[in-house]
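> Structure for the following, please:
(2 chains)
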Amino acid sequence: MTTNTALTTKDLSVTYVGDREVEALKGVSIDFSANQLSAIIGPSGCGKSTLLKSLNRLHEIQPNVEISGDVHLGDQSVYNTDEPVPKLRKRIGYVPQTPTALPLSIYENVAYGVKLHGEYDSKNELDALVESYLQKVNLWDEVEDRLETPGAELSTGQIQRLCLARSLAVEPDVLLCDEVTSALDPISAESVEETLVDLKEEYTIIMVTHSMEQAQRIADDVVFLYLGEVIEENDVQTFFQNPEKERTKKFIDGDTIVEYDESDDDSPSEAVPAER
Amino acid sequence: MDRYTEQRLFGLLARGAAALVVAVMVLVISVTIYRGGRVFLMDPTIVITPPGSRYMLEGDGGFLHAVLGSIFIVGPATIISAVLAVSTAIYLQSDYSSERFSDTVNMFLNVLWGTPPIVYGVFVLTVIIAIGARTSMFFGIVAIAIFQYPIMTRYTDEALRSAPDSVKEATYGLGATRFETALMTARAALPGVIAGIVMGFARGIGDAATVLFTAGRSTNMPAGPFDGATTLPVLIFDQAMSFNAEVRSHAYAASFILIIAVLGLILVSKLLAGRYARYAPGGRHS
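Residues are numbered from 1 along each chain as shown, chains lettered A, B, ... in the order given. Predicted coordinates:
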């Protein structure tokens, strides 16, 4: 690969220890390239969201999670570090699957993260920041005359772009997007996709998606996760046209039935539609 | 009986039950407003006049002492209890506590909620006797605060739990600390939190048993935090037992003031909650 690596996982394992132990990730090692859009795909329950959340230690907010291995953001270790976790999460932003406006005005939604990290000197500077990030996600024209109204009153598609603007405003190096278009209607989804494509000029974007079509449309690299393991990691053309692994080929052809090992006989097998 | 008759019967039953509840409520409120409002409107100054020296016997003067007693006891108690309740409820969320711990605490809170207030009154009275103190406004505040605490905590806990997880994820994802995230979650759940605090206040201002044992049933103006005091519910009890018809009529006036205060507060909280509900994620779309 010619591009630089922005984020690397090394032998990352995540286990949910609760009533039943579930190994969600089994020693995953991936390089995510800088200024690329990497898509993580795979059947439901195969660790996609877990992988995404473990990249900025967001899964730690859930109880009963054990982790081993490490993630590196450039030279900085994400797990073996004395740096406060909020500082790491500032550099590795996260946009949740459900479009969620914080219970604040549109303006305050974008300004919230900036204020948390105290990264502005004057109200004017903050105003300018809010405007520029709303423009970056193509939302400014739709909301400029009602910045003080509640963010929750926007349409779902607009809220998801507001979420993007809010995450970008803290100036992360990497942006994690968890199925950010799955709750949207096709038109809103398209506009969020366009925004993501624009954004990869400046940011490294890692997105989980259910839709292979979406991955094909906008991703540069694709990571195929299956039962907590990386089956294949490739650029988008090779991945879809000339996959190296047989399992990948089957998945692309629409075989998304998860075949659990016999040892996992209490795991339900599930069939998942390939596309949404 | 066929399915449709069954449905009609159930509909009738439900409507009947609702009508009964509303009728009882309307009756209580209208009798209080009619009898109390009349007395109050005939001489509104009884609310701002201190009691005369023979008030309980002859009804000279007014019952300002109980109005002030209610304000000075339930006001601070509500503030103290609300701060403790919101902090506890935040601590009971998954960011701070294990599920088992919060389940256990919630079970105890439910038991406390169900405990009759008179038990709190006796409990604080025992403490007062043990430390050789006298009944006073201060101990009234303590008793009411203890009484309100489980109610407010359970309400707030439920409100915080019903806030969408994605608010938490989004806030953490921006690099917020645990505390900043807790504040944002509380903000997302604000209508529920306000409702809980108002419920606690309404229960507190209406309770006689706790105050009776801890603040006493003073017939004088409250002089300071360590002096005896009384509140409206205790006063209503004393007035209603009086041989003097005028004093008895004051019981209705005092009830009227109490009901108006609670109704007014519920209205204010509805307005506030409505205002914040517009901000609630996934909430009301106009």
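> Could you use CA atoms for every contact and neighbour count after this?
Will do.
> Helices along the stretch 51-200 of chain A, start to end?
In the stretch 51-200 of chain A, the helices defined using DSSP state H, counting those that start in this stretch lie at A:85-91, A:106-116, A:123-136, A:140-143, A:156-169, A:186-199.
> Which one of these lies nearest to chain B?
Of all the helices of the stretch 51-200 of chain A, helix A:85-91 sits nearest to chain B, with 4.0 Å by C-alpha to the nearest C-alpha.
> in that closest one, what's buried?
Neighbour-count burial for helix A:85-91 flags A:Val85, A:Pro86, A:Leu88, A:Arg89, A:Lys90, A:Arg91 (criterion: 16 or more other C-alpha atoms under 10 Å in any protein chain shown).
> What of stretch A:53-63?
Residues of stretch A:53-63 classed as buried: A:Lys53, A:Ser54, A:Leu55, A:Asn56, A:Arg57, A:Leu58, A:His59, A:Ile61, A:Pro63 (neighbour count, 16+ other C-alpha under 10 Å).
> Strands - which of those residues land there?
Within the buried residues of stretch A:53-63, no residue falls in strands by DSSP state E.
> Quick one: low-confidence residue ranges for chain A.
Applying pLDDT under 70 to chain A flags residues A:1-3, A:256-276.
> Please identify which pair of the buried residues of stretch A:53-63 lies farthest apart.
Spatial extent of those (C-alpha to C-alpha) is set by the pair A:Leu55 and A:Pro63 at 17.0 Å.
> Compute the distance between B:Leu265 and B:Ala229, please.
According to C-alpha to C-alpha, to the nearest Å, B:Leu265 and B:Ala229 sit 23 Å apart.
> Have a look at these two and say which one is more surrounded.
More crowded of B:Leu265 and B:Ala229, by other C-alpha atoms under 10 Å in any protein chain shown: B:Ala229, with 31 against 16.
> Can you give me the separation between the nearest residue to the more buried one once chain neighbours are set aside and chain A?
Spatially, and ignoring its direct neighbours in sequence, B:Ala229 is nearest to B:Ser218 (4.9 Å; C-alpha to C-alpha, 6 or more residues apart in numbering or on different chains). Shown here: B:Ser218 relative to chain A, a distance of 46 Å by C-alpha to the nearest C-alpha, to the nearest Å.
> Now render the buried residues of helix A:85-91 as a markdown table, adding distance to A:Lys115.
As requested, the buried residues of helix A:85-91 are exported to a markdown table (distance: C-alpha to C-alpha, whole Å):
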| residue | distance to A:Lys115 |
| --- | --- |
| A:Val85 | 17 |
| A:Pro86 | 14 |
| A:Leu88 | 17 |
| A:Arg89 | 15 |
| A:Lys90 | 12 |
| A:Arg91 | 15 |
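> Pull the number of nearby residues for residue 119.
Looking at chain A here, since you left the chain open. A:Glu119 has 14 neighbouring residues, counting by other C-alpha under 10 Å.
> Chain B is the one I meant
Using other C-alpha under 10 Å, B:Val119 is surrounded by 15 other residues.
> Over to the closest residue to chain A within the stretch 1-150 of chain B. Which of the three states is it?
Taking C-alpha to the nearest C-alpha, chain A has its nearest neighbour within the stretch 1-150 of chain B at B:Asp95, 6.1 Å off. Using DSSP: H, G, I helix; E, B strand; the rest coil, the three-state assignment for B:Asp95 comes out as coil.
> cool, A:Thr8 as well?
Secondary structure state of A:Thr8, per three-state DSSP, is strand.
> A:Val28 is in contact with that one, correct?
No. Contact criterion C-alpha atoms under 8 Å: A:Thr8 and A:Val28 do not qualify, at 9.9 Å.
> so which residue of chain B comes closest to chain A?
Closest to chain A within chain B is B:Gly175: 4.0 Å, counting by C-alpha to the nearest C-alpha.
> returning to that earlier point: could you take the helices of the stretch 51-200 of chain A and lay them out as a markdown table, with extra columns for distance to A:Val208?
Listed next are the helices of the stretch 51-200 of chain A as a markdown table, based on distance: least, C-alpha to C-alpha, whole Å:
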| stretch | distance to A:Val208 |
| --- | --- |
| helix A:85-91 | 18 |
| helix A:106-116 | 23 |
| helix A:123-136 | 22 |
| helix A:140-143 | 26 |
| helix A:156-169 | 15 |
| helix A:186-199 | 13 |
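> and A:Ser44, which of those is closest to it?
Of all the helices of the stretch 51-200 of chain A, helix A:186-199 sits nearest to A:Ser44, with 20.3 Å by C-alpha to C-alpha.
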